[in-house]
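A.B. asks: Take this sequence and fold it.
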Amino acid sequence: MPHIPLYVPDDIRDPDPKNAYINTIEHIDTEVGRLLDALDQFNLSDNTYVMYTTDNGPWLQFKHHGGSAGPLRAGKGTTFEGGQRVPCLIRGPGIPAGTVCDQLTSTMDVLPTIAAITGTALPEDKKIDGMDVTGLWEGTADQSPRNEFVHYTSVGKLEGLRQGDWKLLVKQASSRRNQQGEKKPPQMMLFDLKNDLSEQNNLAGQYPEIVQKLRKRMEILDQEITINARSPWIKN
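C.D. replies: All right, here's what the predicted structure looks like:
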């Protein structure tokens, strides 16, 4: 939730299909409110963290059943911001109410952050991709320890890197070839997210040195991830 197909209780269902996604979000909001009230009622709020986030952007092909990315480009299944940048709301002890953080973090950072907050040691012999962002959660830091984020396609192919406000996407050409029978080179897309959140202005031609730098860096990080990868669903 929310995900195709959408479900809500019959007694609060809006029959207008154009309101389907809105109806679902409102239902989630109500139920989360009940959960928070229960935590308060049983005096559990002082040692409980509640996090609301998601794994990808909206499924735009389903229109009013799939949500909206607002000003962000594209949606689920893409490496554009509309597919990768997601909301995150957290309530818990030490988190100042009503605060907003615009720093770069990832759901990968939840593990080491919770470990730090609870005083739990992480295994020293395992590579952890996440970073401790306790300072951002508690409002004691204004800069994220994370400055980079590697972008992969929905099928796991390396496609880009964000570093600070710069974001590079290397869009591989399809299997089609040009008139000379040569495979088309990948399309380089460079965006300044600080000034172009909607990713409308491709600056790759203006800053070839940044393209080269980010492409080399994303390949290095991808190699590191590949070397340290562990088999899924196996505890080792």
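
A.B. asks: Which helix or strand contains the residue of the chain most remote from its centre?
C.D. replies: Most distant residue from the mean C-alpha position of the chain: residue 180, 40.0 Å away (C-alpha atoms, centre = their mean). Using DSSP states H and E, residue 180 sits in no helix or strand.

A.B. asks: ok, it - contacts?
C.D. replies: By C-beta atoms under 8 Å, 6 or more residues apart in numbering, no residues touch residue 180. C-beta here means a position set from N, CA and C on the backbone, and glycine is covered the same way.

A.B. asks: any idea of the pLDDT on it?
C.D. replies: We note a pLDDT of 70 for residue 180 in this prediction.

A.B. asks: Equivalent analysis for the one 10 residues further on, please.
C.D. replies: Looking at residue 190, its pLDDT reads 98.

A.B. asks: Can you tell me the number of residues neighbouring it?
C.D. replies: By other C-beta atoms under 10 Å, the residues close to residue 190 number 23.

A.B. asks: tell me the phi and psi of it?
C.D. replies: phi -120, psi 130 (degrees, to the nearest 10).

A.B. asks: Equivalent analysis for the one 4 residues further on, please.
C.D. replies: Note on residue 194: backbone dihedrals following degrees, to the nearest 10 are phi -70, psi -40.

A.B. asks: quick one, what contacts the nearest residue to it once chain neighbours are set aside?
C.D. replies: Distances taken as C-beta to C-beta, 6 or more residues apart in numbering place residue 165 nearest to residue 194, at 4.0 Å, with adjacent residues excluded. Going by C-beta under 8 Å, 6+ apart, residue 165 touches 192-195.

A.B. asks: A PyMOL selection for the residues you listed, restricted to the buried ones, would help me check which they are.
C.D. replies: The buried subset of the contacts of residue 165, as determined by 16 or more other C-beta atoms under 10 Å, is captured in PyMOL by this line:
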select buried, resi 192+193
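
A.B. asks: So which of the contacts of residue 165 is the closest to residue 125?
C.D. replies: Of all the contacts of residue 165, residue 125 sits closest to residue 193, with 35.6 Å by C-beta to C-beta.

A.B. asks: Do I have it right that the closest one meets residue 167?
C.D. replies: Yes. At 5.5 Å, residue 193 counts as touching residue 167 under the criterion of C-beta atoms under 8 Å.

A.B. asks: quick one on the thing from earlier: which of the contacts of residue 165 sit farthest apart?
C.D. replies: Longest span within these, C-beta to C-beta: 193 and 195, 7.8 Å.

A.B. asks: quick one: low-confidence parts of the protein?
C.D. replies: 175-179, 181, 234-236 (pLDDT under 70).
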